[in-house]
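the following comprises the amino acid sequence and a computationally predicted model.
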Amino acid sequence: MPDPIVIKPEPDHKLTVIFLHGLGDTGDGWKSTLEGELSVENVKYILPTAPTISVTINLGMRMTAWYDIQSFDPHAKEDGENIEKSAQYVHKLIEEEEKLGTPTENIIVGGFSQGGAIALYAGLTCSKRLGGIIGMSCYLPLRDKIAGNLTVNKDIPVLMCHGSSDAIVHYSLGQASSLLLQKHTSNMTFKTYTGLGHSACPDELKDVKDYIKSKLSSAS
């Protein structure tokens, strides 16, 4: 995998956001949005790119993906091996950022679509306490394992955002994940964007930016 893209903070570094792209995309695909609509003073962004693998749901085509997807049916078999591998990679990025001097409580893990799914799973199973988790247009993978894998992050603020007209990752799938997380975590927020498909909109980006700002205010 290539080295992650890093958007340096201005003027000082107080908070880090590790943001994961969706299926078939790269870290560069979200760079302009993070430098534009989601630009926040004192926030460093890290944008990794997923490895290239064969993706079943796309007729076996090779593309960037955090894990293989056979179907979006909630009962379909999941690629547990690559989900865990991708989560471990995120944990490694968190550890590297901590070694550079950023307390893990000042690190947010977020992402869009498949990247949001990994952000949810990696954040909730991380052994070190984080600042928060953002999941956009996504769902929680390996949901049957999450209750037993929850760690010190079961009470950190989790923000999920989903369009009501999402035809790729259906709204009902994201909503079901949020309801499950409400049972096992204590600080879960799920926001709905009426008429939005599998994309981001200005209102959603504003909510994400406000969430990041709220964490920045408590960062040491």
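Okay, I see it.

pretty sure I46 sits against L15.
No - counting by C-beta atoms under 8 Å, I46 does not reach L15; the two are 11.5 Å apart. Heads up, the C-betas are built off the backbone N, CA and C, glycines and all.

between those two, which one's more packed in?
Taking other C-beta atoms under 10 Å, I46 and L15 do not tie; L15 has more neighbours (27 against 22).

now do the contacts for that one.
Taking C-beta atoms under 8 Å, 6 or more residues apart in numbering, we find L15 in contact with 9, 40, 42-44, 106-108, 131, 212, 215-216, 219.

recalculate using a threshold of 6 Å.
By C-beta atoms under 6 Å, 6 or more residues apart in numbering, the contact set of L15 is V43, N106, L216, A219.

tell me the one among these nearest to A167.
V43 (31.8 Å; C-beta to C-beta).

specify the beta-bridge partners of the closest one.
L15 (DSSP bridges).

measure it to P11 for me?
To P11, V43 is 11 Å away according to C-beta to C-beta, to the nearest Å.

ok, E97 touching T16?
Yes - in this structure, E97 is within contact of T16 by C-beta atoms under 6 Å, at 5.3 Å.

what do those two both touch?
In terms of C-beta under 6 Å, 6+ apart, E97 and T16 are both contacted by the residues I107.

does A119 lie in a helix or a strand, and which?
Assigned by DSSP states H and E, A119 belongs to helix 114-125.

centre of the chain to that helix, how far?
5 Å (C-alpha atoms, centre = their mean, to the nearest Å).

can you check stretch 172-180 too?
15 Å.

need the CA coordinates for the lowest-mean-pLDDT helix or strand in the chain. PDB is fine.
Every helix and strand of the chain was ranked by mean pLDDT, DSSP states H and E. The lowest is helix 143-149, at a mean of 81. Provided in PDB are the C-alpha atoms of helix 143-149 (Å, rounded to 0.1, in the frame of the first residue of the first chain):
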ATOM      1  CA  ARG A 143     -21.700  -7.200  14.100                       C
ATOM      2  CA  ASP A 144     -22.100 -10.500  15.900                       C
ATOM      3  CA  LYS A 145     -18.600 -10.200  17.300                       C
ATOM      4  CA  ILE A 146     -18.800  -6.600  18.400                       C
ATOM      5  CA  ALA A 147     -20.300  -7.100  21.900                       C
ATOM      6  CA  GLY A 148     -17.400  -9.300  22.900                       C
ATOM      7  CA  ASN A 149     -14.800  -7.100  21.300                       C
END
